Structures are given as C-alpha cells and as structure tokens.
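Trainee: give me a model of this one.
(2 chains)
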Amino acid sequence: MATKEITKEMSQKEALYIKKVNKRKLSGSLEFTTARLGWQVTLALSAFFLFQAVRKGGVWFAVAGVYLAGFALDYIATQRIIKEVTGDTGVISDTTRKLGWLMLPFVLAGDFFMFIAGCMLIRKEKNMEYQLSVYSLLVTIFILVVSALNLFKESQADTFWLGMGLYALYAVLNLVIMNAVNKYTYGKKPDKKFLPYAYICIAGLALGNVFSFLLGIISLGKYYNKNEEVSVEWIDVIRRLFRNYMSCVGMFIVIFLLSVSIASMLTFDYDIAISNNFAARLAAPSLMYPFGCDEFGRCVFTRIIFGARISLLVGMISTLAPCVFGGMLGAVAAYYGGKVDNIIMRVLDVLNAVPSILLAIAVIAAFGTSTTNLILALSIGGIPGYARTMRAQVMGVANQEFVEAAKACGAKDGTIIFRHIIPNSLAPIIVRITMGMGSAVLSTSSLSYLGIGVEAHVPEWGNVLKAGSKFLETNPYIAIFPGLAIIIIVLSFNYFGDGLRDALDPKLK
Amino acid sequence: MKKLLAMALAAVMAFSMVACGGSSEGETSMIETKPEKIVVLGQSSGEANMNIVRDQLTKAGFEVELNTQPDYASWKTQLEGGNFDIALTGWTTVTGNVDYAVRGVFHSTGDYNYGPVIDEKVDELIDKGASETAAASVATYTELENYLVTENAYVLPLYSSMKMMAYDNELLTAEGIYQPKSRPGRWEMYEYIDAANNDTRTLTLTQTSSTPSTLDPIQANDGTMNTLSGNMYIKIINLSDDDEIITDSSLSHAYAIAEGNSEYYFLLRDDVNFAKVENGEVVDTGVLVAADDVVFSLERASNKNSVATHKTFTLHNHMQSIEIVTDLAELETKKDSDTGATLLETLNKGVETPVTALTDVDEEVDNAAGTYQVVKVTTTEPFPQVLNYLAHQSAGILHKEQVESYNSKFTVEAYDPTKDVCYGDFAAIKAGDTSMLWCSGPYQFVKVDDYGIDFVKNPGYMPEDEEFAPSIKTIYMKFIKDTTSATSAFRAGEVDILGSVAATDVEVVESDATNTVLKRSSNGVTYAVFNMREGSKMCNVDLRKAVLYAIDQNDFIAYNNGYVMPVYSTVGTLVETGNVHTQDLVKSNEHLAAYQATLAE
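Mentor: Modelled structure (predicted):
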C-alpha cells in the first residue's frame, strides 16, 4: 500500500491484488485450511441433525445443539484466523490459539474435522511428525468413540472392556508420544531420546495405525540419514503429501477403517452382525442400533464395521495382486520388446477386451462364490491395466543413460529390471493402486449386490446395501448407511490417490 | 504432567482389570458336543430361508456351510452330485389332492424325490391313501405324515406360503376376483366395474417368464405356461377356490362316480365351440367341443408315447380307458357310489332338460331336446383323486384334427425339436404360426412378442348370459422378469392384477387405498430334504432329528411379516393331521450327542 491516492480504477485493481495476496497467505496457513473445512462440515452436519430434531425430536436436539455450538466456535476461530493472518503482522494471536483447546472435545461427538483444526491451532510450530502424531491419536480416539456406542447395546462382546482398556491405554501412549514429538523432533534430526518412541510407533502398525508407523519410520529414516544436508526423498514425498489437507482426510478415513477392522475383533460382537434377532426386525435407528436393523434384526452399524474388514481386504489384495503380476509382465514386455512384447501384450489385450465385471461374474460362476474366488475374479481383470501402465513407463526409462551404464557394467537383465528400472517407474503405479483400491471396493460391493460376491449373511458392504435395497420405500436407512460407507471409502481413496499423485510428481516439487 | 499421566494409566488399567473379571453365561443342561459340519444347498432366490436355517443350526451347535446356486439348473446339478447335507426346496400341490402332494416327492418312484426317500412303508401308505375316498384317507395320510416327519425325520418342514394377489378395486369388481388355492386364476370371471369397459379396455396381467415351455397342455407343468394353458383350454371338471370338485366353468353339466370308485361319468355341455385366429382376428370355428375331442385329449394324456416330451404322464397314468357312452341303459342300471341312486338320476340333477338320448355323433347333440354326450373314464384301480387330475391344466381339451394336422407329420420316435413343429410349439407360434392354436377355453391366444401375449375371448364359449361366459374382451399378459418390477408396474397402474405379492411388499401395496390384497392359505410348502444317498452322514436318523428339532418355524413367520404359516409336511396343507412342529433345542442336542457317540464307536 505504497500510494495513498486511490482512484476508482486503481482501487479495483488494488483490491484484486490484495485479495490475491491474502488468498496466498491463507492457503499457506494450515490453521486456516483445517478450520475452514471444520466449520463447513460442522455446519452441514448440524443442518442435518436439526432437520432430524424437528422431525423426531428427543436426543437429536441435543446432538444438533452440540454441533451448532461447534460450528459457532469454529466459525469464530476461522474469522479470527483470517483477520490475523491477513493482518499486518500475519501472526495468529495467543487468544485465537487458545480457542483450539475448546475445539478438541468435539471429537467425542464424532466431529474429527474440529479436532484436527483444534490441534493445528493450538501449536505454533508444527512439523510433519506433529501432524502424524495428531492423526495417530485421532485414529485411536475415534476407535474408542465408535466402540463406545456398543455401551448402549444390551450386551457387549466378552472382550469389550479389555479392548476398550487397551485402546484407552494406547490413546494415552499416543499422547505421551505426541509430547515426545514436540520435545525431540524439531531439529534437523530427531534427538536420540526419541528412538524408543519411534520403535513403539512402528509397532503401532500391528493395530493398523499407519500414521503411527509412518511417524516411526520417518524418525528412524531421518536419524540414520548420513548426509544431513540432503533430505531423504521418500520423506519429502510424505511431507508434500501432508500439504494437501483433503488427501490427509482421505488417508485418515482409510486408516481409521483399517484400524477399526482390527479393533472390532475385541470391541465388537460378531454375533450381533450375523445372528438373526426378529424382535428387532427393521428397527429404526436409535442409540442401541445407530443405523437401525435389517430384515433379520441384525444391527446395520455393526455389520458395516465388520464389513470394512472384508471390503478393505478384498480391495487391497485384488489391487495389489494384479499390480504385481501386471507390473512384472509390463516391465518384461517393455524391456525386451519385439516378440516378447508382442506375445505378452496381445494376450493381455484379449483379457482386456472382456469387461472386467463380466469376467468376474464368469470366474465366480465357474468356481462358486467365496471370498477367495471373489479376489481371484477381481484380480484377473486388473492385470492388463497395470501391465499397460508399467510398460509405457518402462519404455521411457529403459533407454536412459543409467540403464546403459548398468548394461555396460555387465549387469544381468533381472538385476537391471528389478533393481534399476522398476523402482524408477513406480510412481504412476502407486497412484493407480490408490485409485484402483476404491474401484475394487466398489466392484466387491457390486458383485455382492448381484448376489455373486461373498455369502449373503457375511457382513460386506454390498451385501448390507442389498439387504436394504428391498426396503428403500419403507425403511430407507438400511440402504442409506452402507451406501454412504461405500461412497466415503471410494472418495477417500480417490482424494488420497490425488494427493499422492501430486506428491510424487517431480514437476510439482 | 508425568504424575497426571501415571494416574491416567493406573485408572485405565484398573478399569480393564475390573472388566476382564466379568461374569460368564449361565449354565444349561446341554450335553457337550463338537460342532457338526453341515452343508446347506439352496438357490439365491431362497437366500433369506438359507440364512434363517444357517442361523438356527449355528445356534444349535452345527457348523454351517452354505452352497448357494444362482438358479434351478445349477442347484439341480449340485443336488445330483450330492454336494449337500440339506437342500432347500419347495412343492406346490397344483391339483389340490394329497396324492399329488406325496407321490412325486416321497414315493420311491417320484420324479421329485430329491433325498431320495426309499422306504417300503412310505410307498405302501401312499398307495393305500390313493385308493381311498377323501374321508377314509385322512387316517392313512396322518399315519404317513407321522412316519415321515415324527418318526424318521425324512423331511425338514419350514413353512407354507400364503397366496397373495392384488387388484385395482376401483377398476374390477370384487365378485369377479377368484383366488383359487391350487389352480391358476379364472380369467373368465374378471369383470370391470364400469361394464362399458368390458368390450373396449384391455385387462393387463403379468407373468415372469417370456418363454412358455409349450402351449400343449400335456408337454409341460410349470409356471411358464400353467396359467396360460389353464385359460386357453376347457377341462371336463374344475376345482373351486378351496379345491372342491365342481362343474362351474367346465365342459360338464354334471358328473357321477359309479360304485367301486373306478368308473367316472361326465355329462357334456353343447355350448362350447373351438375358437381360432384368422387374419389376426379371433373367430368361432363353429366346431363343437365334443365327446370325441375329450376322448382324444384324455387318451393322449394317459399315453406315455403320445408325444416325445410328455411331462404330465404321472398325473394321468391312472386312466385305463376313456370312452363315449351311447347306451342309456348303462346309466340307468349302475349306481352312484355316494348316494346309491342311479347314475342317470345324479347326472340329471345338473341339467334342465333330462337326458333322453345319448349320441356319439357331434351333429346330433342337442341338450335342449334331451340329446346329450356322456364320457366315461375308467381307472386302473379305485382312485377318486383322478378328478383332481382331470381338473388340472394338463387335461385341457384339444381339437383332434388340428393337433393331428401337426403331429402326424413325424413319428414320436423320430421327433427332432430343432426341425419338427409339434402342436403347441412356442417357438413356431412366436415366429408367426398363430393359426396353430384352436382354443376350447374362455380365451384364445392371438399373438406373442418379446413383451407379452394378446388374448381375446372365445366367441363360441357359452352364451353371453351364461354365468361362466367371459366378460372382458381382451387380455394382455405382460412379461415382467422379476417380482419387484412387477410390483412397481402394478403400483404405477401398468398392470391391473398382480398375481403374487411378496410378503415384504404387502404393506407398501396396501398403502394405496385403491389396491386390495387378497390373502389366503395355499398348497405351497417350503421344506428341505436330507441327502440320503449312500454314504451320506444324513442317513443317520439321530443327525436328521438333531437338525429337525433345531428349526424354529416362528422365525420364518416373523421374517415374512406373518404372511406364511407353520407346516408339518406337504400333506399338512390338505389334510388336518393335527401335527405341529416345535423347536426343541434340548432334544436337538441329545440327538446330536447320540449321533456323535455312534461315530465315536
């Protein structure tokens, strides 16, 4: 604002300029991005709950009230952040940061967006390790919150309290680690004292907590990195990934579902998911049955939780298996070229010519319905796609100098392909995997919906949806919730894949 | 800070310790058994039943594996391969008599004896019941049911379905809507409330299959053609809504059973003509449906070699001879088996002008003048239930010359379905040979395409003022592949009568005040058979009983909103046997333990 004379035309241009500057300032502020999404989602949810409250009253009013309060708080915080970030100093004041503490408890009502926003707001200095520890804690708390819904049931699984206790312990451990992160990881290299914590973090993978695992290996990677001046590339990729908030949210949901499918072994009762109870046939959503009951009186919520296990398992295996086979075939075809290329690719073209869902139906019709056959059916159809991607990538890499150099040194073909070419062609494949995961979950569900996926009583999202489809007119909730679950997981994988693509793209560094 | 953390940790640990010491379930007097593995075979259309069976068996200590097949053909393959312990199936007694309900499914020669149940005593009881009159057979059939289910657990009864149909009550009169227990719907009775509609508005019905197996009554007995054939061809006798033998809408004025229960006499009407399609229009052929057509039709039904693919022979193999009676003295001398009066007296009760002369010449028939035709059916042994079979669609009356004009072009032995066109060949009719069919029933088949069949009423079928003459001129049978879509079509007004309403849809359909859903008991029984092939573990009666007592029919009733009924066997819907199945987990457990004990030895 150098000039004080402002003509009308000038002011318009200037306003535009200032707007742009502010926008850039804000988009660089993690506090702002998280808080904004926080109030937006909270507002949408409170509108929904308010609608429910007007229709049904009772407990919905309380829920709507909590969410409205959350929205008000988050909105005020966001406005303050905007004002302060775009203000003269560009620094968020301590008073605003204190608002972050108030935002944390809303996670108990299920609003994790506010929890993330709160965590980002309360600390001034935030490195990637801090973010990872926040997400790791969030996953644990969320598991506790979701599992706690079982308290409203008539009976809990035998291991319920054991599970709750262990996860509560793990939550405390997460807090301790968070504290350690704040103390020891802000240098170029984590403090030696952090090493035991890092190993604990890696062990978190056993509970499906990938965030904690990432935190552990990043710390170790940094610690054992010999050349301090050069950053480790894969850590940079993860750092870039965490710059995209939507991809973090996607990652959080996927990892939460992964963790909850492990946690459900202890805190959920499988019997409620598959055992018929006609007393509760088509029961409406209530605290006891949060998503209602299906035509056999099975709790839809519990079925969705257990369904995550099969959907994710099938989704992951049926994406990774064709990726490995297809990737290898593609690499070999591209490296050798000529006849080898021709034979492999023409065979795969034949496979590609059959629509994958039809192929899956044919495989299942031939071998019968079971989870293994389902995975097989979905995997075969995915091979050509991965082979094509890999082939295109390898063709580009195979002519580069470092491959020539390897050949000149007398390296064997196998070594060249697996040690030099494939690692340098992986980026597009990784992105394809994340995207493919979503569609694999979708295919699993479609096949189950058609009655040829997993057995009908097994809780799988397509099955749950199918059971609900008969009652769309009278009891829509039975179909809405599994439908939402499918939408959310597919969206999450897509957002995550999108973020990963950007993070891996060397042009966007 | 550290103190705080330590306190929190301690609290959490104490919490989980308390929790781990939780109480265990109360003990019952059950005997310890190993989980018994059992394979349940079914079709995906019966997925819900399979799930209920799975759930109940699991709770009774079995380890259930489901073998779900997408359709009947693959289900049958699995069944024949013996890849099951229990197979879910169903049976509908479309003729309304007990013999039909047991012979096919339990007799050692039965076509649908899937287990199979091979037991001399069962065969004996079935044969005994068949020779007795309705009242006398009750005891025999009760004994059969006890032997089949209570003593030997040869069959696992699940439920009997209700027949539910829906119609638009602002369009059709309630009096015209018949809902027979066994036979297909009676189209000739349907009537619009606004009588002016009868000649102008097409009534739309629906069925799932778009490819009827045939339109020759004897060559099939399945859901693809039963309703069509049932309304295209008249029978010499009929079934009421409750499976009583009646002459309404049949070719007979009256019938009589001679002493000994082996000779059956039918006094024929003279006001039903064959119809045919000429230049796309339905015309009266002027040819009377007469005694020689009856003899021809029933003889081909009872002759296994009359056509290459005779699918209803077992229904008609009890008929020894069919003849036209010309000697009035025979009717005057023989006595009625029920009343003891002469047959002529019994037959005369059904007509205004008493019988004065009998003839076998079609042109001489004149009921108003007392000249009638009488057909006599003689059975191989006393078999009163033959009347039910004569009321079945497969006993429909065809025109002799018309059928022969097609079927005489090739011999039965050399018949090649890819080349030869026999009477009723649906593919040939669809390809355009609409003049093939001569219908004796209330409705004449006009034409078919991929979407439905057009029917027009038979102009020569009884005078218009007659009670059983059809009212509505045109009927369209629309093909709708699945019941959900059919229900939607009915609710949208595209279909006027919905032949079967799913239990889960009743509420939705009834929510519209213009729809009436009629509900009644039916002869449809859903049950399961055990794998009784040699070497199967289900040959052990204890194991079968363990399964039988584990089943709770109340769950099926609850699942179907109360629109199904408990059942004890396929006999139960037809005869009051007084048997009721109840779940008994203690007994189930005892039998399972007994079975496992024999294994251990």
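Trainee: for chain A, give me its nearest residue in the stretch 301-450 of chain B.
Mentor: Going by CB to the nearest CB, chain A is nearest to B:Asp450 of the stretch 301-450 of chain B, at 22.8 Å. Any C-beta I mention is one placed from the backbone N, CA and C, and that applies to glycine too.
Trainee: and that residue, that's in a strand?
Mentor: No - the assignment for B:Asp450 is coil, going by DSSP: H, G, I helix; E, B strand; the rest coil, so no strand is present there.
Trainee: I'd say it and B:Thr211 touch.
Mentor: No - assessed by CB atoms under 8 Å, B:Asp450 is found out of contact with B:Thr211, at 9.6 Å.
Trainee: which of those two has more neighbours?
Mentor: B:Thr211 (12 against 8; other CB atoms under 10 Å in any protein chain shown).
Trainee: let me know the secondary structure of the closest residue to the residue of the stretch 301-450 of chain B closest to chain A other than its chain neighbours.
Mentor: Spatially, and ignoring its direct neighbours in sequence, B:Asp450 is nearest to B:Ser210 (6.4 Å; CB to CB, 6 or more residues apart in numbering or on different chains). Following three-state DSSP, we place B:Ser210 in the coil state.
Trainee: B:Ser210: neighbour count?
Mentor: For B:Ser210, using other CB under 10 Å, the count is 18.
Trainee: in this structure it contacts B:Phe479, no?
Mentor: Yes - between B:Ser210 and B:Phe479 a contact is recorded at 3.8 Å, counting by CB under 8 Å.
Trainee: helix, strand or coil for B:Asp338?
Mentor: B:Asp338 is classified as coil under three-state DSSP.
Trainee: what's the spacing between it and B:His253?
Mentor: To B:His253, B:Asp338 is 18 Å away according to CB to CB, to the nearest Å.
Trainee: what distance separates stretch B:451-462 from the centre of its chain?
Mentor: 24 Å (CA atoms, centre = their mean, to the nearest Å).
Trainee: and for stretch A:390-400?
Mentor: Counting by CA atoms, centre = their mean, stretch A:390-400 comes out at 30 Å from the chain centroid.
Trainee: same thing with stretch A:356-368?
Mentor: The answer for stretch A:356-368 is 29 Å, by CA atoms, centre = their mean.
Trainee: from what I see, A:Thr140 and A:Asn209 are in contact.
Mentor: Yes - the pair formed by A:Thr140 and A:Asn209 meets the contact definition of CB under 8 Å, at 7.1 Å.
Trainee: check the closest residue to A:Arg123 other than its chain neighbours and give its pLDDT.
Mentor: In space, A:Arg123 comes closest to A:Tyr130 once its chain neighbours are excluded; the distance is 6.5 Å by CB to CB, 6+ apart. According to the prediction, A:Tyr130 has pLDDT 91.
Trainee: kindly report the residues of chain A close to chain B.
Mentor: Neighbours of chain B within chain A, by CB under 8 Å from any CB of the partner chain: A:158, A:160-162, A:164-166, A:168-169, A:172, A:175-176, A:179, A:274-276, A:278, A:281, A:295-296, A:365, A:368-369, A:451-452, A:455-457, A:470-471, A:473-474.
Trainee: next SSE downstream of the helix or strand in which A:Val146 is found?
Mentor: Applying DSSP states H and E as the criterion places A:Val146 in helix A:128-148. Sequence-wise, the next helix or strand downstream of helix A:128-148 (DSSP H and E) is helix A:160-184.
Trainee: helices or strands up against that next one?
Mentor: helix A:128-148, helix A:195-203, helix A:210-223, helix A:245-267, helix B:2-20 (3 or more CB pairs under 8 Å, 6 or more residues apart in numbering or on different chains; DSSP states H and E).
Trainee: from B:Leu548, how far off is B:Gly121?
Mentor: Gly isn't right for residue B:121; it's Lys. Distance of B:Lys121 to B:Leu548, computed by CB to CB: 19 Å.
Trainee: the residue in the stretch 301-450 of chain A that chain B sits nearest to: neighbouring residues, count only.
Mentor: In the stretch 301-450 of chain A, no residue comes nearer to chain B than A:Thr369, which is 6.1 Å away by CB to the nearest CB. The criterion is other CB under 10 Å. On that basis, A:Thr369 has 23 neighbouring residues.
Trainee: repeat for B:Leu574
Mentor: 23.
Trainee: so who does it touch?
Mentor: Applying CB atoms under 8 Å, 6 or more residues apart in numbering or on different chains to B:Leu574 gives the contacts B:93, B:96-98, B:101, B:141, B:243, B:523.
Trainee: where does it sit: helix, strand or coil?
Mentor: Recorded secondary structure, B:Leu574: coil (three-state DSSP).
Trainee: on that earlier part again, could you give the backbone dihedrals for the residue of the stretch 301-450 of chain B closest to chain A?
Mentor: phi -70, psi -10 (degrees, to the nearest 10).
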